[in-house]
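Student: Give me a 3D structure for the following:
(chains A and B)
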There are 2 protein chains.
Amino acid sequence: MKAVCLLSGGMDSTTLAYLARERGYKILALHFNYRQRTEEKERSCARTIARLLNAEEYLEVDLTYLSLFGKSSLTDHAIPVEPYDPEREGIPNTYVPFRNANLLAIATSYAESRDADAIFIGVQAQDYSGYPDCRPAFIEAFQRAIDTGTRSGGRIRLVTPFVNLSKRDILSLGLSLHVPYEHTWSCYQAEDVACGVCGACHFRQAAFFALGIKDPLPYRSEE
Amino acid sequence: MKAVCLLSGGMDSTTLAYLARERGYKILALHFNYRQRTEEKERSCARTIARLLNAEEYLEVDLTYLSLFGKSSLTDHAIPVEPYDPEREGIPNTYVPFRNANLLAIATSYAESRDADAIFIGVQAQDYSGYPDCRPAFIEAFQRAIDTGTRSGGRIRLVTPFVNLSKRDILSLGLSLHVPYEHTWSCYQAEDVACGVCGACHFRQAAFFALGIKDPLPYRSEE
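Tutor: All right, here's what the predicted structure looks like:
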């Protein structure tokens, strides 16, 4: 069995790749560069994880076209990343329009060309309910697009075991799989030490705190 | 009203862009380069058409990652393009795995970032029934992915008026819209004069022949 694993270098995708290996899949790791602010750090993490996992292939795909459209603080470096605010409603400005569909389309092309059985993507609806392309309804619709639009018909399964898990549940699972979290990166803002105030840092830190464990990454607030 | 129009530079997409303009849309033309054999010629046609149409924007997106996966004679130049054979069953080797999902994902990101109302794509199930990602079931599934995965909910409509038309119907419509077919390109094989034997040439020539009109493009067989 072979699985394409979307590997950003963050906590969720790394935990998921370890889970895929645990389930007996050979790993085809797929990393995306779309000029997100912290790409250099993320790529370095993804490469390390792919090596530690003994991935059968590791592929980096350039999606810099996503930054052409603007409108997201993740890719348009003129827009500042919002600090996390639990009172805030609506979709955070880190949202990249329809990003996950772009990632899944590529992953499916890759899976189809390699006769892979599954695509693992670490979307999570619970903590990031603001992103429409992380919701179960979107994942179901995309599975149907795969079933109808590929040569292999119903072969390729989208596997999203984290869609209804919290960050804390994911971390707890990852610790049982011995995921090396010191080689993962979550912060949206910086590449040296994590900022500690963006949404990604907030949820990561809260998960470690909830389990009573120290995050192995350095944070700016600790300096 | 604004529409993203996928504009390859071929007959179908060009006719469709003229139809979108006729229906009152401002045109956001989107052209893809995925190292298909005849990209240089197609790009030159797409640029000319976008200019003639007074497109509001014309954007070229590099999808060379599709050629990374191999397996298609359109992008892997070591695999020869098959001549058209009406007896042949199955999917032609010009098929690029899940290509249209990749194109539609980008078109949707673009449409969402520009608050566009529609995406026009010239897929056609009738003459190319071998390509799974041209079928109505795939288009419907992708529409559902757009509805569930974008910020704007049900705003962006996939418009595919050619899905059940023959090439001849499309040409007939295009002639009534005064589409300048001398600035379009269909052949899969060559960039100077069309080969006249690949599937794309076959269907194009048959459409002109059926309407009793001379194709303005030069063909190798005429030399």
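Student: A:S221 touches A:C201, doesn't it?
Tutor: No - at 9.5 Å, A:S221 does not count as touching A:C201 under the criterion of CB atoms under 8 Å. (Each C-beta comes from the backbone N, C-alpha and C, glycine too.)
Student: ok, these two, which is more surrounded?
Tutor: A:C201 (24 against 12; other CB atoms under 10 Å in any protein chain shown).
Student: Looking at that one now. What's its pLDDT?
Tutor: Looking at A:C201, its pLDDT stands at 91.
Student: which ones are touching it?
Tutor: By CB atoms under 8 Å, 6 or more residues apart in numbering or on different chains, the residues touching A:C201 are A:Y84, A:S186, A:C187, A:Y188, A:Q189, A:A194, A:C195, A:Y219.
Student: Mind doing that once more with 10 Å?
Tutor: Shown in contact with A:C201 (CB atoms under 10 Å, 6 or more residues apart in numbering or on different chains): A:83-84, A:186-190, A:194-195, A:215, A:217, A:219-221.
Student: Then A:S221?
Tutor: A:V193, A:A194, A:C195, A:G196, A:V197, A:C201, A:Q205.
Student: Looking at these, which one is closest to B:A101?
Tutor: A:C201 (33.0 Å; CB to CB).
Student: Now that closest one: which helix or strand?
Tutor: helix A:199-210 (DSSP states H and E).
Student: do the same with A:V61
Tutor: Going by DSSP H and E, A:V61 is in strand A:57-62.
Student: and the helix or strand harbouring A:A141, what other elements does it pack with?
Tutor: Assigning secondary structure by DSSP H and E places A:A141 in helix A:136-149. If contacts are counted by 3 or more CB pairs under 10 Å, 6 or more residues apart in numbering or on different chains; DSSP states H and E, helix A:136-149 sits against helix A:99-113, strand A:118-120, strand A:157-159, helix B:99-113, helix B:136-149.
Student: mind giving me JSON lines with those and columns for mean pLDDT, distance to A:I27 and mean neighbour count?
Tutor: Below are the helices and strands packed on helix A:136-149 laid out as JSON lines (pLDDT from 0 to 100; distance: least, CB to CB, whole Å; neighbours: other CB atoms under 10 Å in any protein chain shown):
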{"stretch": "helix A:99-113", "mean pLDDT": "94", "distance to A:I27": "12", "mean neighbour count": "25"}
{"stretch": "strand A:118-120", "mean pLDDT": "98", "distance to A:I27": "9", "mean neighbour count": "24"}
{"stretch": "strand A:157-159", "mean pLDDT": "97", "distance to A:I27": "13", "mean neighbour count": "20"}
{"stretch": "helix B:99-113", "mean pLDDT": "94", "distance to A:I27": "22", "mean neighbour count": "25"}
{"stretch": "helix B:136-149", "mean pLDDT": "95", "distance to A:I27": "26", "mean neighbour count": "22"}
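Student: Ok, which of those comes nearest B:S8?
Tutor: Comparing the helices and strands packed on helix A:136-149 by CB to CB, helix B:99-113 comes nearest, at 9.2 Å.
Student: do that closest one and chain A meet?
Tutor: Yes - counting by CB under 10 Å from any CB of the partner chain, chain A has neighbours in helix B:99-113: B:99-113.
Student: Show me where chain A has its helices.
Tutor: Under the criterion DSSP state H, chain A contains helices at A:11-22, A:39-52, A:65-68, A:99-113, A:136-149, A:167-176, A:199-210.
Student: just to revisit the earlier point, compute the inter-axis angle for the helix holding A:C201 and helix A:11-22.
Tutor: Helix A:199-210 runs at 60 degrees relative to helix A:11-22, counting by axes from the mean of the first three to the mean of the last three CA atoms, to 10 degrees.
Student: tell me which residues in helix A:199-210 are buried?
Tutor: By neighbour count on 16 or more other CB atoms under 10 Å in any protein chain shown, the buried set for helix A:199-210 is A:G199, A:A200, A:C201, A:H202, A:F203, A:R204, A:Q205, A:A206, A:A207, A:F208.
Student: Now do the contacts for A:A141.
Tutor: A:A101, A:R135, B:E140, B:A141, B:F142, B:Q143, B:R144, B:A145, B:I146, B:D147, B:T148, B:G149.
Student: Please tell me I have it right and A:D117 contacts A:M1.
Tutor: Yes - counting by CB atoms under 10 Å, A:D117 touches A:M1, with 5.1 Å between them.
Student: For the longest strand seen in chain A, which strands pair with it and how are they oriented?
Tutor: Counting residues, the longest strand in chain A under DSSP state E turns out to be strand A:26-33. The pairing partners recorded for strand A:26-33 under DSSP bridges are strand A:2-6 (parallel), strand A:57-62 (parallel).
Student: Including mean neighbour count, could those strands go into CSV?
Tutor: CSV is the format used below for the strands paired with strand A:26-33 (neighbours: other CB atoms under 10 Å in any protein chain shown):
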stretch, mean neighbour count
strand A:2-6, 26
strand A:57-62, 17
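Student: Could you tell me which ranges of chain A sit under the pLDDT cut-off?
Tutor: Applying pLDDT under 70 to chain A picks out residues A:70-95, A:126-129, A:222-223.
Student: wait, A:L53 sits on A:I27?
Tutor: Yes - counting by CB under 10 Å, A:I27 is a contact partner of A:L53 at 5.6 Å.
Student: what's the overlap in contacts for those two?
Tutor: Common neighbours of A:L53 and A:I27 (CB under 10 Å, 6+ apart) are A:C5, A:L7, A:A17, A:Y18, A:A20, A:R21.
Student: which residues are in contact with both of A:D117 and A:M1?
Tutor: Joint contacts of A:D117 and A:M1 (CB under 10 Å, 6+ apart) are A:Y25, A:K26.
Student: between those two, which one's more packed in?
Tutor: A:D117 (17 against 10).
Student: CA atoms of the longest strand of chain A as PDB?
Tutor: Extracted in PDB, the C-alpha atoms of strand A:26-33 (Å, rounded to 0.1, in the frame of the first residue of the first chain):
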ATOM      1  CA  LYS A  26       4.800   3.400   2.100                       C
ATOM      2  CA  ILE A  27       5.000   7.100   2.200                       C
ATOM      3  CA  LEU A  28       5.100   9.400  -0.900                       C
ATOM      4  CA  ALA A  29       5.700  12.800   0.900                       C
ATOM      5  CA  LEU A  30       4.500  15.900  -0.900                       C
ATOM      6  CA  HIS A  31       5.600  19.400   0.300                       C
ATOM      7  CA  PHE A  32       4.200  22.700  -1.100                       C
ATOM      8  CA  ASN A  33       5.900  26.000  -1.400                       C
END
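Student: can you give me the angle that strand makes with helix A:99-113?
Tutor: Going by the same axes, to 10 degrees, strand A:26-33 makes 140 degrees with helix A:99-113.
Student: how about a markdown table for the helices and strands packed on helix A:136-149, with distance to A:R168 added?
Tutor: A markdown table is the format used below for those (distance: least, CB to CB, whole Å):
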| stretch | distance to A:R168 |
| --- | --- |
| helix A:99-113 | 22 |
| strand A:118-120 | 20 |
| strand A:157-159 | 21 |
| helix B:99-113 | 31 |
| helix B:136-149 | 26 |
